[in-house]
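[1] just need the structure, nothing else, for what follows:
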Amino acid sequence: MGSTKEAVFIGIDIGTQGIRVIAITETGTLLTSDNHHFSFITYQNLQIEQSPTLWWSCLVNSLKKVSDNLKKFISLEQIVSLSVTSTSGTVIPLDQNYQPISNAFMYSDNRSYKEAEFCKQSSMSINKDDYTPFNTSFGLPKIVWFTNKFPEKADSIHLWCNPTDYIIGKLTDIWGITDYTNSLKMGYNLVKEKWPSYIFDILKLPNSWFPQVVHPGKVLGYLSPKISAITGLPNKIKVVAGLTDGCASQIASGAVSLGDWNTTIGTTMVVKGVTYRPIEDPYGRIYNHKHPCGYWMPGGASNTGADWISKDFSNENLHYLNEVAKKLIPTSWISYPLQQKGERFPFIYDNAQGFDPHNVSKEELYTARIEGIAYLERLSYEIIEKFSVDVKTIYTAGGGSNSDVWLAVRSNVLQKPIYKMKYVEAAIGAAIVAASQTYYKNIEQAAKQMLKLEKYIEPSYYMMEKYEENYQRFVNILKTKGYIS
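    Below you'll find the predicted structure:
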């Protein structure tokens, strides 16, 4: 790679399995990246924690490597800004010196299930407009749980934050600020743009524990001189408010403008889009983030995804399975590859269980399951369209988007084209947010200039016709089982 004179932006992702740092130019050229992997601290099934100090030590090492690598291509003075993304619903209690009082309570830590129900009931007790369908993946129930479980530590708490804001604080020495997307699962009312009164009046949590909320992309400050000296990065680099990993992945996928939607198929299937107004779903299947431009980013996350691949096909040659699947599609088998009990999107049914066709080969089961996910994806968009929402364009991300045959199946089931960008990871989304108001006019302009289309998949008439019949069979089976009405 030769040198470039373009402006450069850094994106940082504090993910479930590790740290990812990337540096990308104003026109979307990936200059360098670095990863550090780590694991959960898991004590019991419900207890899942990570160490914020581990995140920080891994990040410092990655920033040093990225800084050294960038010197080969650019002057470090070309770096304009950076931003951070992280898991949604993970929270950390900090003392008055902004040191963690405990490990971070991860979004997947389920100990706060009783508090989640209490938060849900409390959210509509004063003002129904404050209602939030809390569950254990939200941060606020974890805050209540910790306060109840360790009252002796409550007096030491100065601030609750999420991983994005913890890392930004460490980078800048600026604390007590979060963004619209990360504040959602801490109970912030995005419509009124305020912390609801029930948090303080019913849950009895101190107002001082909750950060100021700003929009993603807002410039918060600069890299501190101390961190500049440690990493080798210039301290004139602007640090801007970040966002959750789901929203960052949506931006990286290309789903940034009104009518754009994205399906990310990883361990779970997540559908997110951009609308003019929030989607008010009385069943709580859909939640709404706020778009940096003031639009809304509604979405839902299924319990079904591609986790069955690592569970049942981890030792298999996926290239071989995909090649066989190309010859088998469209099949007549119907599969719903839910690997746990209970579903949350596109329908809520606590006792839902997956199902597969009987007496099929390994190759046939693999093919049936990728078709089953496509049927579930279509059902998701049909549910969304019932709220008078326009699904104009569908983008894709996640490990499931790496299979060409799976993309073809999905396009034909959806009866729409699918777009896939070259880089679709959350760290890319963070870098685009970093550029959105420091170099470009807004997030839409930044995404248009910095994202590169890799694949465009169109449906075919024959396949659409066959999959229409199979999709209706899939829906009828779900109705027969009572999962949907």
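
[2] all the helices of the stretch 301-450 of the chain, in order from the start?
    Applying DSSP state H, counting those that start in this stretch to the stretch 301-450 of the chain gives helices spanning 307-312, 318-328, 362-385, 404-414, 426-436, 443-450.

[3] V8: how many residues sit nearby?
    Number of residues near V8 (other Cβ atoms under 10 Å) recorded here: 28. (C-beta placed from N, C-alpha, C; glycine too.)

[4] could you list everything it pairs with in the sheet?
    Beta-bridge partners of V8, counted by DSSP bridges, are T25, I79.

[5] swap in T264?
    Beta bridges link T264 to V270, A397 when assigned by DSSP bridges.

[6] from R369, how far off is it?
    For T264, the distance to R369 equals 17 Å [Cβ to Cβ, to the nearest Å].

[7] neighbour-wise, which of these two wins?
    Between T264 and R369, counting by other Cβ under 10 Å, T264 is the more crowded of the two (28 against 25).

[8] who touches that one in this structure?
    Applying Cβ atoms under 8 Å, 6 or more residues apart in numbering to T264 gives the contacts G246, S249, Q250, S253, V270, V271, K272, T396, A397, G398, S401.

[9] quick one: the fifth one from F345, how far?
    When Cβ to Cβ is the yardstick, V270 and F345 sit 9 Å from each other.

[10] of these two, which one has the most company?
    For V270 versus F345, neighbours defined as other Cβ under 10 Å are more numerous around F345 (25 against 22).

[11] give the contact list for the more buried one.
    For F345, counting by Cβ under 8 Å, 6+ apart, the contacting residues are V271, R285, I286, G300, A301, S302, N303, S380.

[12] what about 10 Å?
    Neighbour list for F345: 268-271, 281, 283-287, 299-304, 376, 379-380, 383 [criterion: Cβ atoms under 10 Å, 6 or more residues apart in numbering].

[13] okay, now the domains of the chain?
    Domains of the chain are assigned by automatic domain parsing as 8-241, 256-416+452-480.

[14] quick one: mean pLDDT for the last one?
    Okay, so that is domain 256-416+452-480. The pLDDT scores in domain 256-416+452-480 average 95.

[15] gap between the residue nearest to L321 when sequence neighbours are not counted and V409?
    Among residues not flanking L321 along the chain, Y366 sits closest, at 4.7 Å (Cβ to Cβ, 6 or more residues apart in numbering). From Y366 across to V409, the span is 12 Å (Cβ to Cβ).

[16] residues shared between the contacts of V270 and F345?
    Listed as contacting both V270 and F345 by Cβ under 10 Å, 6+ apart are G299, G300, A301, S302, S380.

[17] from those, which ones fall inside strands?
    Among those, DSSP state E puts G299, G300, A301 in strands.

[18] okay, and the beta partners of the last one?
    As for beta bridges, A301 partners with V270 under DSSP bridges.

[19] spit out the contact partners of it.
    So A301 contacts 88, 137, 246, 264, 268-272, 285-287, 344-345 (Cβ under 10 Å, 6+ apart).

[20] nearest to N189 among those residues?
    For the contacts of A301, the minimum distance to N189 (Cβ to Cβ) is 12.7 Å, reached by Y287.

[21] next, count neighbours for the closest one.
    The number of residues packed near Y287 is 22, by other Cβ under 10 Å.

[22] from what I see, it and D281 are in contact.
    Yes. Judged on Cβ atoms under 10 Å, Y287 makes contact with D281 at a distance of 8.1 Å.

[23] any shared contact partners between those two?
    P133, P298, G300, F345.

[24] confirm for me that the first one is in contact with E280.
    To tie it back to what came earlier, the one meant is P133. No. Using Cβ under 10 Å, P133 is not in contact with E280, being 11.6 Å away.

[25] more neighbours, those two?
    Neighbour count, other Cβ under 10 Å: between P133 and E280, P133 has more, with 18 against 10.

[26] so can I have JSON lines of the shared contacts of Y287 and D281 showing distance to S332?
    Formatted as JSON lines, these follow (distance: Cβ to Cβ, whole Å):
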{"residue": "P133", "distance to S332": "37"}
{"residue": "P298", "distance to S332": "34"}
{"residue": "G300", "distance to S332": "29"}
{"residue": "F345", "distance to S332": "27"}
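
[27] biggest separation within the residues you listed, which pair?
    P133 and P298 (13.1 Å).

[28] ramachandran angles for the spatially most distant residue from the centre of the chain?
    Ranked by distance from the centre of the chain (Cα atoms, centre = their mean), the top residue is N359, with 36.7 Å. Torsion angles at N359 (phi, psi; degrees, to the nearest 10) stand at phi 60, psi 50.

[29] list just the nearest of the ones in strands among the shared contacts of V270 and F345 to I143.
    Nearest to I143, judged by Cβ to Cβ, of these is A301 at 21.4 Å.

[30] on that earlier part again, mutual contacts of P133 and P298, please.
    Common neighbours of P133 and P298 (criterion: Cβ under 10 Å, 6+ apart): D281, I286, Y287.

[31] mind putting these in a markdown table, distance to A104 and secondary structure included?
    Compiled in a markdown table, these are given as follows (distance: Cβ to Cβ, whole Å; DSSP: H, G, I helix; E, B strand; the rest coil):
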| residue | distance to A104 | secondary structure |
| --- | --- | --- |
| D281 | 29 | coil |
| I286 | 27 | coil |
| Y287 | 22 | strand |
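
[32] between the residues you listed, which sits nearest I227?
    I227 has its nearest neighbour among the shared contacts of P133 and P298 in Y287, at 33.9 Å by Cβ to Cβ.

[33] who's S83 bridged to?
    S83 has these beta-bridge partners by DSSP bridges: G11.

[34] surely W209 and V144 touch.
    No. W209 is beyond contact range of V144, at 11.1 Å (criterion: Cβ under 10 Å).

[35] contacting residues for the residue farthest from the centre of the chain?
    For N359, the contact set (Cβ under 10 Å, 6+ apart) is empty.

[36] show me the contacts for K65.
    Shown in contact with K65 (Cβ under 10 Å, 6+ apart): V21, T32, S33, D34, N35, H36, T231, G232.

[37] quick one: it from E371, how far?
    Counting by Cβ to Cβ, the gap from K65 to E371 is 42 Å.

[38] one more: L365?
    L365 sits 11 Å away from E371, going by Cβ to Cβ.

[39] quickly list what's touching both of the two.
    Contacts common to L365 and E371, judged by Cβ under 10 Å, 6+ apart, are W333, S335, P337.

[40] which one of those sits closest to Y113?
    P337 (25.6 Å).

[41] which single one of the contacts of A301 is nearest to L171?
    The closest of these to L171 turns out to be S88 (Cβ to Cβ; 20.0 Å).

[42] F313: how many residues sit nearby?
    F313 has 16 neighbours, counted by other Cβ under 10 Å.

[43] now list the buried members of the contacts of F345.
    Among the contacts of F345, those classed as buried by 16 or more other Cβ atoms under 10 Å are 268-271, 281, 284-287, 299-304, 376, 379-380, 383.

[44] cool, thanks, signing off.
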